[in-house]
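Q: Pasted the sequence and its predicted model underneath.
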Amino acid sequence: MLNRGVEDGSFIPAFIGKNRVKLSHLQYADDRVLIYYGDLENIRSIKRILILFELTSGLKVNFDKSSLH
């Protein structure tokens, strides 16, 4: 879902280094780090994707344990 959102332009990932490599997320076990350009529309799009993930997977995203930096 996250890759598709980047591909279809729903949200903009971060670009890292002089070669501007796209970086949108890192995963480890049941943790995710989302790395995106931080404007309000991008944040709304990411939250919509996370809610869609909840609905399709049956898993819950704990927004209380989530933070923005």
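A: That came through fine.
Q: From the centre of the protein, point out the most distant residue.
A: Lys18 (22.4 Å; Cα atoms, centre = their mean).
Q: ranges for the helices of the chain?
A: 2-7, 40-57 (DSSP state H).
Q: Dump these into TSV; add mean pLDDT, distance to Leu34 and mean neighbour count as well.
A: In short, each C-beta sits where N, CA and C put it, glycine included. Shown next, in TSV, are these (pLDDT from 0 to 100; distance: least, Cβ to Cβ, whole Å; neighbours: other Cβ atoms under 10 Å):
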stretch	mean pLDDT	distance to Leu34	mean neighbour count
helix 2-7	77	7	14
helix 40-57	87	6	13
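Q: Okay, the residue most central in space within the chain and Lys18: tell me how far apart.
A: Nearest residue to the geometric centre of the chain (Cα atoms, centre = their mean): Leu34, 4.3 Å. Noted for Leu34: a distance of 23 Å to Lys18, by Cβ to Cβ, to the nearest Å.
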